[in-house]
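Novice: Okay, here's the prediction I keep looking at, along with the sequence it came from:
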Amino acid sequence: MTILAIETSCDETAVAVTKQRTVLSSVIESQINDHVLYGGVVPEIASRRHIESISSLYKKALEQANITINDIDAIAVTYTPGLIGALLVGVNFAKSLAFALDKPLVPVHHLRSHIAANYIINPDLEPPFLSLVVSGGHSHLIHVKSYTTFETIGRTRDDAAGECFDKTARALGLPYPGGVHLDKIAEQGNENAYTLPRPSVEGNDLDLSFSGLKTAVINQIHKHNQKNQKINTADMAASVRKAVCDLLIDKTITACERFNFKKLAIAGGVAANSLLRRRITEECKKRKIKLYIPPLSLCGDNAAIVGVQGYYEYINGNIASEDLNAFATMDIGK
Ligand code: KG4
Ligand code: ZN
């Protein structure tokens with residue numbers, strides 16, 4: 001089954017052609033250069049850039065897959081969660097195509113597609129398994145019960161891990177998007193140089209919290225500035241990175257042990273973090289948990305993952321009607 005997939009949930013316009021778990025083409029246009037000036041994504045600009053890019057990316061994706069639109073069996077699109085104006089561009093493009101070609105339209109939840117990155121490179125991976133989904137807007141521990149049945153067993157109560165990386169990176173004067181820059185510079189730093197909190201939450205002990213950590217870092221930077229002292233950027237980056245990874249790994253391993261998960265898949269933009277990848281690999285090895293980590297190219301937003309998840313949504317009968325709307329938030333289980 002050949003799927004044309006569209007992703008416009010944030011600051012990447014992406015189109016792909018997939019066949020079951022195989023990627024026939026995948027093209028991405030990043031908007032980083034448009035947002036870097038502002039130190040973060042400007043939603044209005046994001047929507048406008050998606051409008052400008054989507055048609056040419058659509059043509060490129062078909063060309064690179066060496067097919068025509070008539071070879072497509074269905075159209076999959078990210079419809080939630082994300083920036084509403086940005087999502088609407090992709091949803092409307094997909095709806096128009098589906099309507100004009102009389103092909104099924106498959107709505108895909110963004111976090112479900114991040115998890116599906118693992119199916120592309122691991123032909124043996126099948127649910128059930130635990131997934132740690134960590135991105136700019138989400139930090140979730142998800143029990144993937146089947147390809148289309150999900151239960152959130154832990155989640156951040158406030159900021160996402162990616163948000164914590166991005167905002168602390170910005171306070172350190174690193175360019176947007178901060179996570180990757182902070183990760184790079186942290187490699188040269190001393191991760192024990194600065195004392196930072198590991199916030200805990202009441203209630204579900206698998207839930208996470210990053211806002212206290214983010215505020216602690218920003219306060220330490222301000223205090224140093226007020227005293228005309230210089231923060232060592234590499235040391236602070238390494239200390240933040242260690243704190244975020246400590247929190248994520250602690251909850252993930254606790255969940256694996258508590259529910260006896262023997263398979264763990266990580267996903268989302270923050271899954272590109274080099275310390276997270278190294279440490280989670282070690283922890284899983286010690287406990288004989290089979291670990292799945294997508295290659296860097298599939299961690300961030302792209303449409304190939306939308307196509308692969310779209311395939312499972314389609315065979316599960318998840319077809320949208322012509323009034324499909326976009327939603328800024330939605331639980332992954334819905
Ligand atoms: O999944 P994604 O591309 O977009 C969302 O759905 O949010 O994730 C983007 C997030 C950003 O916060 C970005 O800074 C973070 O992933 N990120 C990283 C790294 N690469 C990207 N965070 C830490 N280390 C990295 N190497
Ligand atoms: Zn994402």
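Specialist: Ah, there it is. Numbering: from 1, shown residues only. Ligands and ions are numbered 1, 2, ... in the order given.
Novice: low-confidence ranges in the stretch 201-334 of the chain?
Specialist: Across the stretch 201-334 of the chain, nothing is flagged by pLDDT under 70.
Novice: closest point of it to ligand 2, which residue?
Specialist: Closest to ligand 2 within the stretch 201-334 of the chain is D301: 4.4 Å, counting by CB to the ion. Where you see a C-beta, it was placed from the backbone N, CA and C, and this is true even at glycine.
Novice: Please apply the same query to the stretch 1-150 of the chain.
Specialist: Nearest residue of the stretch 1-150 of the chain to ligand 2, counting by CB to the ion: S135, 4.3 Å away.
Novice: Counting neighbours, what do you get for that residue?
Specialist: Per other CB atoms under 10 Å, the neighbour tally for S135 reads 25.
Novice: Can you tell me the closest non-neighbouring residue to it?
Specialist: Distances taken as CB to CB, 6 or more residues apart in numbering put G268 closest to S135, at 3.6 Å, once the chain neighbours are dropped.
Novice: Work out which residue lies at the spatial centre of the protein.
Specialist: Central residue of the chain (CA atoms, centre = their mean): G268, 2.8 Å from the mean position.
Novice: re the thing from before, tell me the secondary structure of the residue of the stretch 201-334 of the chain closest to ligand 2, please.
Specialist: Recorded secondary structure, D301: coil (DSSP: H, G, I helix; E, B strand; the rest coil).
Novice: residues contacting it?
Specialist: 7, 9-12, 14, 28, 110, 269 (CB atoms under 8 Å, 6 or more residues apart in numbering).
Novice: now for those, which pair is the farthest apart?
Specialist: Greatest spacing in the contacts of D301, by CB to CB: I28 and H110 (14.8 Å).
Novice: can you give me the strands for the stretch 201-334 of the chain?
Specialist: Assigned strands in the stretch 201-334 of the chain, in chain order: 263-267, 290-292 (criterion: DSSP state E, counting those that start in this stretch).
Novice: Highest mean neighbour count out of those?
Specialist: strand 263-267 (a mean of 26; mean count of other CB atoms under 10 Å).
Novice: can you tell if that one touches ligand 2?
Specialist: No. Applying CB under 5 Å from the ion, one finds strand 263-267 separated from ligand 2 by no less than 8.9 Å.
Novice: counting contacts, what elements does that strand pack onto?
Specialist: Judged by 3 or more CB pairs under 8 Å, 6 or more residues apart in numbering; DSSP states H and E, the packing partners of strand 263-267 are helix 110-121, strand 129-134, helix 274-287, strand 290-292.
Novice: Excluding its own residues, what touches the shortest one? List them.
Specialist: Here strand 290-292 makes contact (CB under 8 Å, 6+ apart) with 118, 122, 125, 129, 262-266, 280-281, 284-285.
Novice: E191 falls within a helix, correct?
Specialist: No. Read with three-state DSSP, E191 is coil and lies in no helix.
Novice: Could you check the pLDDT of it?
Specialist: With respect to pLDDT, E191 has a value of 98.
Novice: Of I28 and H110, which one has the most company?
Specialist: More crowded of I28 and H110, by other CB under 10 Å: H110, with 26 against 19.
Novice: Name all residues that make contact with L247.
Specialist: 161, 198-199, 208, 210, 213.
Novice: Look at the residue nearest to T329 when sequence neighbours are not counted and say how many residues are nearby.
Specialist: Nearest non-adjacent residue to T329, counting by CB to CB, 6+ apart: P81, 4.8 Å away. Using other CB under 10 Å, P81 has 21 other residues around it.
Novice: In this structure P81 contacts S9, no?
Specialist: Yes. Using CB atoms under 8 Å, P81 makes contact with S9 at a distance of 7.3 Å.
Novice: Now for these two: what residues contact both?
Specialist: Counting by CB under 8 Å, 6+ apart, the common neighbours of P81 and S9 are H110.
Novice: re earlier: can you list the strands of the stretch 201-334 of the chain in TSV and add distance to S56?
Specialist: As requested, those are exported to TSV (distance: least, CB to CB, whole Å):
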stretch	distance to S56
strand 263-267	28
strand 290-292	33
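Novice: What ranges does the protein have for its helices?
Specialist: Under the criterion DSSP state H, the chain contains helices at 32-35, 43-65, 84-101, 110-121, 161-171, 178-186, 211-226, 233-259, 274-287, 296-299, 304-315.
Novice: Which among those is found nearest to D323?
Specialist: Nearest of the helices of the chain (CB to CB): helix 84-101, 9.0 Å.
Novice: buried sites along that closest one?
Specialist: 84-95, 97-98 (16 or more other CB atoms under 10 Å).
Novice: of all those, which comes closest to T18?
Specialist: Of those, the one sitting nearest to T18 (CB to CB) turns out to be A94, at 14.3 Å.
Novice: Just the pLDDT for the closest one.
Specialist: Reported pLDDT for A94: 98.
Novice: Now do the contacts for it.
Specialist: Taking CB under 8 Å, 6+ apart as the test, what A94 contacts is 6, 75-77, 105.
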